[in-house]
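Student: Sequence first, then the predicted structure:
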Amino acid sequence: MAQQPFENAGVALAAVHDPATSAENLSLIAQHHPQLHSAIAAHPNVYPDLVQWMQENGVALGAGAVTAWRDRLLVA
């Protein structure tokens with residue numbers, strides 16, 4: 001069985017730090033790497049349903065990550 005591209009932690013981490021990473025790819029990363037949820041929440045392409053899913057299904061998001069995400073929504 002072939003490994004999915006974001007199953008590799010190094011590839012996932014690089015993608016989370018790339019502002020061009022799509023919302024769809026962020027979702028795939030979130031499924032495989034709960035330890036990256038706070039970083040994903042701070043990504044410019046994260047979407048509300050993904051943040052909610054990460055809050056409900058992953059490790060607790062830091063308050064700063066959620067606040068930064070909400071602040072970006074208010075500015076947009």
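Tutor: Perfect, thanks for sending it. Numbering: from 1, shown residues only.
Student: use CA for all of it now, contacts and neighbours both
Tutor: Noted.
Student: surely residue 41 meets residue 51?
Tutor: Yes - between residue 41 and residue 51 there is a contact under CA atoms under 8 Å: 6.1 Å.
Student: between these two, who's got more neighbours?
Tutor: residue 41 (29 against 22; other CA atoms under 10 Å).
Student: From residue 27, how far off is that one?
Tutor: 11 Å (CA to CA, to the nearest Å).
Student: residue closest to the middle of the chain?
Tutor: residue 40 (2.3 Å; CA atoms, centre = their mean).
Student: Please identify the helix or strand for residue 27.
Tutor: helix 23-32 (DSSP states H and E).
Student: Check which helices and strands that helix is in contact with.
Tutor: helix 37-41 (3 or more CA pairs under 8 Å, 6 or more residues apart in numbering; DSSP states H and E).
Student: Can you list the low-confidence ranges for this protein?
Tutor: Low-confidence segments of the chain, defined by pLDDT under 70: 1-3, 58-76.
Student: Show me the helices in it, by range?
Tutor: 9-16, 23-32, 37-41, 48-57, 63-75 (DSSP state H).
Student: which of these sits most buried?
Tutor: The highest average neighbour count among those, using mean count of other CA atoms under 10 Å, belongs to helix 37-41 at a mean of 25.
Student: How far does that helix sit from its chain's centre?
Tutor: Chain-centre distance of helix 37-41: 4 Å, with CA atoms, centre = their mean, to the nearest Å.
Student: Just list what that helix packs against, helices and strands only.
Tutor: Using 3+ CA pairs under 8 Å, 6+ apart: helix 37-41 touches helix 23-32, helix 63-75.
Student: Phi first, then psi, for residue 19.
Tutor: Phi and psi for residue 19, reported as degrees, to the nearest 10, are phi -60, psi -10.
Student: Isn't it up against residue 46?
Tutor: No - using CA under 8 Å, residue 19 is not in contact with residue 46, being 10.2 Å away.
Student: If you count surrounding residues, which of the two has more?
Tutor: Using other CA under 10 Å, the more surrounded residue of residue 19 and residue 46 is residue 46, with 19 against 10.
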